[in-house]
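1. 3D model of this:
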Amino acid sequence: MTARDLESALLARCVAVAREAVQPAQDQREANVFRLAAMVVRPRFPGESMRLLQASERYFAIHPDERLAASDVVRKGWVPSLPRWRDMLSRRFYGH
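-> Down below sits the predicted model:
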């Protein structure tokens, strides 16, 4: 899987969880990405932000030592720059 494929898959998971809030994060990467996504979209999409944060928190309730600082999530390359991640999520939430 290429970096772009992985990025697209994470975006799709964020959108699905933000809209349905059915599943918790599946692993450390998703939990931290969901948490970061919740932070960057909160002003424009408070409902989606809340559902992403809840999915993240359900994972961290079981694995509290796997929570990372936002800078570490970016440093690991799990998301691109925060402005780009926010813009990509916003476009998906708006249906573009």
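
2. return the set of buried residues in the helix or strand of the chain with the lowest mean pLDDT.
-> Within the chain, no helix or strand scores below helix 3-20, which has a mean of 86 by mean pLDDT, DSSP states H and E. Neighbour-count burial for helix 3-20, with 16 or more other CB atoms under 10 Å as criterion, is recorded at Glu7, Leu10, Leu11, Arg13, Cys14, Val15, Val17, Ala18. C-betas here are computed from N, CA, C, even on glycine.

3. so for the most centrally placed residue in the chain, what's the pLDDT?
-> Nearest residue to the geometric centre of the chain (CA atoms, centre = their mean): Phe34, 2.5 Å. If you check Phe34, the pLDDT there is 95.

4. distance check, it against Val74.
-> Phe34 is 15 Å from Val74, where distance means CB to CB, to the nearest Å.

5. ok so, going back, got a list of what the residue nearest to the centre of the chain touches?
-> When contacts are counted by CB atoms under 8 Å, 6 or more residues apart in numbering, Phe34 touches Cys14, Val17, Ala25, Leu52, Leu53, Ala55, Ser56, Tyr59.

6. could you find the closest non-adjacent residue to Met50?
-> Counting by CB to CB, 6 or more residues apart in numbering, Ala38 is the residue found nearest to Met50 once chain neighbours are left out, at 7.4 Å.

7. that neighbour: neighbour count?
-> Number of residues near Ala38 (other CB atoms under 10 Å) recorded here: 25.

8. tell me who's in contact with it.
-> By CB under 8 Å, 6+ apart, Ala38 lies in contact with Glu48, Ser49, Met50, Leu52, Leu53, Ser56.

9. work out for me the element the third one sits within.
-> In this structure, Met50 sits in helix 46-62 according to DSSP states H and E.

10. next up, the contacts around the residue lying closest to Leu10 once chain neighbours are set aside.
-> With sequence-adjacent residues excluded and distances taken as CB to CB, 6+ apart, Leu10 is closest to Val33, at 5.5 Å. Neighbouring residues of Val33 by CB under 8 Å, 6+ apart: Leu10, Cys14, Ala25, Val73, Trp78, Val79.
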